[in-house]
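sequence and predicted structure, then a few things I'm wondering about:
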Amino acid sequence: MKRGLAIRALNMAIALRQPPKDCIHHTDRGSQYCSHIYQKLLRQHRFQISMSGKGNCYDNSAVETFFKTVKAELIWRRSWPTRRAAELAIFEYINGFYNPRQRHSALGWKSPVAFERKVA
């Protein structure tokens, strides 16, 4: 993954979700997340920065499950004529279905949006 893609995704998430000060931002130890510009952006928006422990695959189990779900429910079910078409479909899946409606056992069987509202 390129650093620029990660930065664009973070900027989009900040614009759409408007996270509060001290919101936890957790990543693995990929070079895109360790880059100076990415870390600077996190500090500017007052995130509490969290990274996986070295070699600890369990730190990211929730996000790995998310990626598996997106692939199984969307990506692998069809072919994509362009990268842009895939990007739009993924955006719509995450923001139109997964975050507002998909219930999770780890969140007390609430959707991510409902859980966020409850704890905010």
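Sure, I can see it.

so where do the strands sit in this structure?
24-27, 48-51 (DSSP state E).

switch those strands over to JSON lines; also include mean neighbour count and mean pLDDT.
C-beta: built from backbone N, CA, C; applies to glycine. Below are those laid out as JSON lines (neighbours: other Cβ atoms under 10 Å; pLDDT from 0 to 100):
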{"stretch": "strand 24-27", "mean neighbour count": "15", "mean pLDDT": "91"}
{"stretch": "strand 48-51", "mean neighbour count": "12", "mean pLDDT": "93"}
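
make TSV out of those and add distance to I14.
Formatted as TSV, the strands of the chain follow (distance: least, Cβ to Cβ, whole Å):
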stretch	distance to I14
strand 24-27	10
strand 48-51	14
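
can you check which of those strands gets nearest to N60?
strand 24-27 (7.7 Å; Cβ to Cβ).

note down every partner strand of the closest one and its orientation.
strand 48-51 (parallel) (DSSP bridges).

how far does the biggest helix by length in the chain sit from its chain's centre?
Once the chain is assigned using DSSP state H, the helix that runs over the most residues is helix 3-17. Centroid separation for helix 3-17 versus its chain: 9 Å, with Cα atoms, centre = their mean, to the nearest Å.

what does it contact?
19, 30-33, 35, 37-38, 41-42, 45, 95 (Cβ atoms under 8 Å, 6 or more residues apart in numbering).

circling back: how about the strands of the chain, which one is nearest R84?
strand 24-27 (25.2 Å).

can you show me the CA trace of that closest one as CSV?
This file holds the C-alpha atoms of strand 24-27, laid out as CSV (Å, rounded to 0.1, in the frame of the first residue of the first chain):
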residue,chain,number,x,y,z
ILE,A,24,-7.8,6.1,19.2
HIS,A,25,-6.2,5.4,15.8
HIS,A,26,-4.9,1.9,15.6
THR,A,27,-2.8,0.5,12.8
